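> 3D model of this:
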Amino acid sequence: MFKKTRIRLTALNAVVFFVIIVCLGVVVYTELRHQLYAKVDESLQQRAQQDTQFFYTKSQMLTPNPDDPADGTMKKTLIQVQGIDPRVFLVMWDDQGNSYPILTGAGMHKEVDAFKPYRSLPMPQTVNIANHSYRVYAVQYEQPKLMNLKVLTDISQAKGLDAITPSTIFTDATTKIVSIQAISLIDSEQNMLKQLFELILIGIVIGGAITVLAGMYLANQALRPIKQSWDKQQQFVADASHELRMPLSIIRANVELAFRHPDRSILHMSEPLSVVLEESKRMGRLTEQLLTLARADSNQEELMLKPLQLSEVIHEVVQKFEPLAELKQQKLESDVESGIELLGDAERIHQLLVILLDNSMKFTPADGTIRVVARKKGNDIELVVEDTGAGISAEDLPYIFDRFYHGDKSRTRSTGGTGLGLAIAKWIVTTHGGEITPSSVLGQGTKMVLRFPVLQRRG
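Prediction:
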């Protein structure tokens, strides 16, 4: 019955845990990515905001480096500014779309032209060029800045930039710079993020398998009390049906017997009628007990708690049982300390004592002794009901408070018990904040020890 529910709970728990793991991975990845890019973006913005004239006076744009090899290969060295990421370099763009990288050597025009589509990015962005990742940021000038730059006198004289030599003739020229672009190589950051992403994916896959196991465990844990409650309910219904079926069968049989002899008087049919009456009373007691337990389970049974003299309630119940004990040739003794006060429901405490004394008398033989003791013990009230009766076996003792539990079926039937009395007794003790502890030796007797908190009077 619980198989489908277990599967649904397992799936639900697994999905919840999986979503949490995925969200955690996304948060970790996003935060680390943000931190890495934030550091790079800060360097880009600092570099781009440097005064253009500062870089112009510190660099020689498109000027051959005397240290370059004789074959014309240009050494590409970035200007390093103290306190700023050395991987960041600047490119200025004029109104004609020409690029002017701020380098110590020339020969970067071909590479820099790849960044031309990104020369007007208002916010830092990541671009991929030639299997490399770059972070790019640009600042647009509201008013173009005029700058004097050294340019080739006749560029047609040179067969490409690689043919530029120190003897090449340069002249001064003025150009309008409309934007400056800061660029940083971020291959290391991208590799780090890639590795992190792969680790997170592996973690999510492994976590997915673990979440299924965790979901199954939690589903079993959640269903365990439900299953136990269901089993108890089913057992309760079965036992109640069994207990009700027997008196109903007896009543029906005796009523049918009376109808078979309509000519007989009530005097002649007194025996079957007395049986009907007795079983009707038994059914009434059983129904009342079932109703009490049902209300207790649904928290509908309210207690009228108020200060009461426990010693007076005990004396009242003992007096009612003395004639019955005398009739059964049993000794009923009491040792009750006076002035014991308890916050409780007088009717329920009375019912509790009746249940315990009734059980003791049912299973105590003639010449046996039943004793009731009540006294203060520290901050508790200790109430003891003990007898020298048949006792309870060690196997049955842990289950005596279970509903409809009968250690000896035949003996219970002969004494007219329903198997609900001790269950009600435990409920009464528990709702009064106390506890009940049974002890018994088979053939020697049973002892019930009850403890309640003492009523604390405010000074």
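
> quick one, strands of the stretch 1-150 of the chain?
Counting by DSSP state E, counting those that start in this stretch, residue ranges of the strands within the stretch 1-150 of the chain are 88-94, 99-101, 125-129, 132-152.

> Dump these into JSON lines; add mean pLDDT, mean neighbour count and distance to residue 193 as well.
Where you see a C-beta, it was placed from the backbone N, CA and C, and this is true even at glycine. Formatted as JSON lines, the entries for those read as follows, by pLDDT from 0 to 100; neighbours: other Cβ atoms under 10 Å; distance: least, Cβ to Cβ, whole Å:
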{"stretch": "strand 88-94", "mean pLDDT": "80", "mean neighbour count": "22", "distance to residue 193": "19"}
{"stretch": "strand 99-101", "mean pLDDT": "75", "mean neighbour count": "22", "distance to residue 193": "27"}
{"stretch": "strand 125-129", "mean pLDDT": "86", "mean neighbour count": "13", "distance to residue 193": "10"}
{"stretch": "strand 132-152", "mean pLDDT": "76", "mean neighbour count": "15", "distance to residue 193": "10"}
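
> Go through the ones you listed and name the closest to residue 289.
Checking the strands of the stretch 1-150 of the chain against residue 289 by Cβ to Cβ gives strand 125-129 as the closest, at 77.2 Å.

> ok, back up a step: tell me which of the strands of the stretch 1-150 of the chain lies nearest to residue 314.
Minimum separation from residue 314 across these (Cβ to Cβ) falls at strand 125-129, 86.1 Å.

> Can you say which of the strands of the stretch 1-150 of the chain is nearest to residue 11?
Ranking the strands of the stretch 1-150 of the chain by proximity to residue 11 (Cβ to Cβ) places strand 125-129 first, at 38.8 Å.

> Just name the shakiest helix or strand of this protein by mean pLDDT.
The helix or strand of the chain with the lowest confidence, counting by mean pLDDT, DSSP states H and E, is helix 52-58 at a mean of 45.

> which stretches of the stretch 201-350 of the chain form helices?
With DSSP state H, counting those that start in this stretch as the definition, the stretch 201-350 of the chain shows helices at residue ranges 270-297, 310-327, 346-362.

> So which of those is the most surrounded?
Ranked by average neighbour count under the criterion mean count of other Cβ atoms under 10 Å, the helices of the stretch 201-350 of the chain are headed by helix 346-362 at a mean of 20.

> Give me the angle between whichever helix or strand comes after that one and helix 346-362.
Scanning forward in sequence from helix 346-362, with DSSP states H and E defining helices and strands, the next element found is strand 369-377. Our comparison of strand 369-377 with helix 346-362, counting by axes from the mean of the first three to the mean of the last three Cα atoms, to 10 degrees, yields an angle of 140 degrees.

> Check which helices and strands strand 369-377 sits against.
Contact analysis of strand 369-377 by 3 or more Cβ pairs under 8 Å, 6 or more residues apart in numbering; DSSP states H and E lists helix 310-327, strand 331-336, helix 346-362, strand 380-387 as its packing neighbours.

> for the residue nearest to the spatial centre of the chain, what are its contacts?
The C-alpha lying nearest the average C-alpha coordinate of the chain belongs to residue 218 (Cα atoms, centre = their mean; 9.3 Å). Contacts here follow Cβ atoms under 8 Å, 6 or more residues apart in numbering; on that basis residue 218 touches 9, 10, 13.

> repeat that with 6 Å
When contacts are counted by Cβ atoms under 6 Å, 6 or more residues apart in numbering, residue 218 is found next to residue 13.

> Against residue 208, how distant is it?
In this structure, residue 218 lies at 16 Å from residue 208, with Cβ to Cβ, to the nearest Å as the measure.

> Also residue 436?
49 Å.

> So which of those two has more stuff around it?
Each of residue 436 and residue 208 has its neighbours counted (other Cβ atoms under 10 Å); residue 436 has more, 20 against 14.

> Distance-wise, check residue 127 relative to residue 422.
Between residue 127 and residue 422 the computed distance is 81 Å (Cβ to Cβ).

> Output the below-cut-off pLDDT ranges for the stretch 151-300 of the chain.
In the predicted model, the stretch 151-300 of the chain carries pLDDT under 70 at residues 151-173, 239, 242-243, 298, 300.

> ranges for the strands of it?
According to DSSP E, counting those that start in this stretch, the stretch 151-300 of the chain carries its strands in the segments 170-185.

> Tell me how far stretch 302-311 lies from the chain's centre.
Centroid separation for stretch 302-311 versus its chain: 40 Å, with Cα atoms, centre = their mean, to the nearest Å.

> how close does the closest residue to residue 128 other than its chain neighbours sit to residue 140?
Closest residue to residue 128 apart from its sequence neighbours, by Cβ to Cβ, 6 or more residues apart in numbering: residue 134 at 7.7 Å. Shown here: residue 134 relative to residue 140, a distance of 19 Å by Cβ to Cβ.

> What score does residue 450 have for pLDDT?
According to the model's per-residue confidence, residue 450 sits at a pLDDT of 94.

> Contacts only, for residue 120.
Neighbour list for residue 120: residue 138 [criterion: Cβ under 6 Å, 6+ apart].

> Show me what residue 176 is bridged to.
When bridges are assigned using DSSP bridges, the partners listed for residue 176 are residue 146.

> Could you report the neighbour count for it?
14.

> Could you do residue 421 as well?
Neighbours of residue 421 under the rule other Cβ under 10 Å: 21.

> Give me the distance between the closest residue to residue 41 other than its chain neighbours and residue 45.
If the residues on either side of it in the chain are set aside, residue 41 comes closest to residue 124, at 4.3 Å by Cβ to Cβ, 6+ apart. From residue 124 across to residue 45, the span is 8 Å (Cβ to Cβ).

> Neighbour count: those two, which is higher?
Between residue 124 and residue 45, counting by other Cβ under 10 Å, residue 124 is the more crowded of the two (20 against 14).
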